[in-house]
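A.B. asks: Below is the structure, and that's it, no one-letter string:
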């Protein structure tokens, strides 16, 4: 198993060239987990579609569900299957 988080600590210069506070940079290589609320949705054409939603969690930031952005809304005017 690969390590998902790396921490790089850098000394930053303070005033007059002295060493200041250390800065930690966290490199997160693990993708968030997105869970879709429903697997299959049956929807009647030309009626209002309500997205059942999704949730998202991240190993560093925890619950990031509020950060989900829907970029391609479903058009209920056209019959067919959406995958």
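C.D. replies: Yes, it's here. What you are looking at is a predicted structure, and each value in this text was computed from that prediction instead of being measured. Residues are numbered from 1 along each chain as shown.

A.B. asks: rest of the way, CA atoms for contacts and neighbours
C.D. replies: Fine.

A.B. asks: Setting aside sequence neighbours, what's the nearest residue to the residue positioned nearest the centre of the chain?
C.D. replies: Residue closest to the mean C-alpha point of the chain, counted by CA atoms, centre = their mean, is residue 32 at 5.2 Å. Take residue 32 and drop its neighbours on the chain: the residue closest to it by CA to CA, 6 or more residues apart in numbering is residue 58, 4.5 Å away.

A.B. asks: For residue 38, see how far away that neighbour is.
C.D. replies: From residue 58 across to residue 38, the span is 20 Å (CA to CA, to the nearest Å).

A.B. asks: Which of these two has more residues huddled nearby?
C.D. replies: Neighbour totals were compared for residue 58 and residue 38, and residue 58 leads with 15 against 10 (other CA atoms under 10 Å).

A.B. asks: and the residue nearest to the centre of the chain, what is it in contact with?
C.D. replies: Taking CA atoms under 8 Å, 6 or more residues apart in numbering, we find residue 32 in contact with 56, 57, 58, 59.

A.B. asks: In strands, which of those fall?
C.D. replies: Of the positions in those, 56, 57, 58 sit in strands, assigned by DSSP state E.
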